[in-house]
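**Q** Only the shape, not the letters, is given here:
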């Protein structure tokens, strides 16, 4: 009697199906975040993954206490980002097709990206390198995401 395993017992590698299915990209309008979104879009397109572009609207307690229209300002930024993403997708229509969605809500960037990645069951997170000098002292969102160790994190310069 032969002891060879049947076809169902031998796991097969299937090219193109073992990659990420959901990629979260953080966007805040900075040049680094646009590069991160572009990089994540390329990954998502090649892997046929969903690209979730996430903008976490900063909550500025002091500004709100002074009566400044913070919610309106951050909502306007979100609308601008969404418009830019739609333009980019439209430019590529017919050349590169991909699935994407835009997610936005108030909060701090680190917690917001963690929340979005958890809720979307992300397989990877892509963010831009911080352009603020103070982040070298207190830690950037990218460093905090890497240290969390919950997803593969790509930091785009």
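**A** On my side now, so go ahead. No experiment lies behind these values; they were computed from the predicted model shown.
**Q** Can you show me the strands along the chain?
**A** Using DSSP state E, the strands found in the chain span residues 22-26, 50-57, 99-106, 124-128, 153-156.
**Q** Check which helices and strands the shortest one is in contact with.
**A** For strand 153-156, the elements it packs on are helix 31-47, strand 124-128, helix 141-148, judged by 3 or more CB pairs under 8 Å, 6 or more residues apart in numbering; DSSP states H and E. In this view, the C-beta of every residue, glycine as well, is placed from N, C-alpha and C.
**Q** what's the nearest residue to residue 127 if we skip its chain neighbours?
**A** residue 26 (4.3 Å; CB to CB, 6 or more residues apart in numbering).
**Q** Near the one you found, how many other residues are there?
**A** Residues near residue 26, counting by other CB atoms under 10 Å, number 28.
**Q** what does the model give it for pLDDT?
**A** The predicted structure scores residue 26 at 93 on the pLDDT scale.
**Q** So what pairs up with it in the strands?
**A** With DSSP bridges as the criterion, the beta-bridge partners of residue 26 are residue 54.
**Q** That one and residue 151, how far apart?
**A** When CB to CB, to the nearest Å is applied, the distance between residue 26 and residue 151 equals 12 Å.
**Q** any common contacting residues for those two?
**A** A shared contact of residue 26 and residue 151, defined by CB atoms under 8 Å, 6 or more residues apart in numbering, is any residue touching both; here these are residue 125.
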